[in-house]
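[1] Here you go, sequence then predicted model.
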Amino acid sequence: GLEAVVSTQSTGESTYSIGSLGFRDNDCSRIDFTYCSVNHPELANDIEKQVSQFHSELRGSVNAGLTRNGTIALEFYEKKKARWPFAAEFFTWERWEVKVELVSATSTAEQQRRQEVIGSELAEKIFYVTQMINKSDYVPKTPDIANDIGNVYHTKYQDIHPYLFRIKHWLTDSPVNQSVGTSVRKLLNYT
């Protein structure tokens, strides 16, 4: 899921190309869903850590008898230099949110039906996200000065430079009252 979006929002602004890394298929273990991502273990591991943390917190809250709802967001941002004594500002230029509600299935048949529906809705939403990304409402300019590359691209990865991104997540007490099909949102900032 999130890896596919981050992979799409990457560049090979060096002497290599994104094609040299290759792509891989990722199969979800609990639902019938496969997505494609760039074959970069370090990037995949960083994303997986954040998603796993969200999953653990959501499961932990259910086990404690609390909320079953949460939101995970993927933000793309750029750093804006600030003059001394102020800190750099972070400008979010694209944000995707997925709202999640855990529900208990009362039977194996119901669980299988829910898994099929979620797989289908996820596929539809990933397709929608990639279509919207390709329209490119706003994408930061590549900096002219090499020292400023880190204001737009992650430079921590050796062979890929995705746009700066962060994954945020939080739990909510109120029910989602939406299916996955209506809960993927894109928020854009224009300046």
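    Received it, and whenever you're ready, just let me know what you need.
[2] helix, strand or coil for residue 83?
    Secondary structure, DSSP: H, G, I helix; E, B strand; the rest coil: residue 83 is coil.
[3] Quick check: phi and psi on it?
    With angles defined as degrees, to the nearest 10, residue 83 sits at phi -80, psi 150.
[4] mind checking how far it is from residue 144?
    Distance of residue 83 to residue 144, given as CB to CB, to the nearest Å: 19 Å. (C-beta placed from N, C-alpha, C; glycine too.)
[5] Buried ones in stretch 26-38, by neighbour count?
    For stretch 26-38, the neighbour count (16 or more other CB atoms under 10 Å) marks 31, 33, 35, 37-38 as buried.
[6] what do you get for stretch 72-87?
    By neighbour count with 16+ other CB under 10 Å, stretch 72-87 contains the buried residues 72-79.
[7] Would you reformat the buried residues of stretch 26-38 as TSV and include distance to residue 129 and pLDDT?
    As requested, the buried residues of stretch 26-38 are exported to TSV (distance: CB to CB, whole Å; pLDDT from 0 to 100):
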residue	distance to residue 129	pLDDT
31	17	87
33	14	88
35	11	86
37	13	85
38	15	83
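[8] of all the residues you listed, which comes closest to residue 116?
    Closest approach to residue 116 among the buried residues of stretch 26-38 (CB to CB): residue 31, at 7.9 Å.
[9] check contacts around the closest one.
    Residue 31 is in contact with 115-116, 118-119, 122, counting by CB atoms under 8 Å, 6 or more residues apart in numbering.
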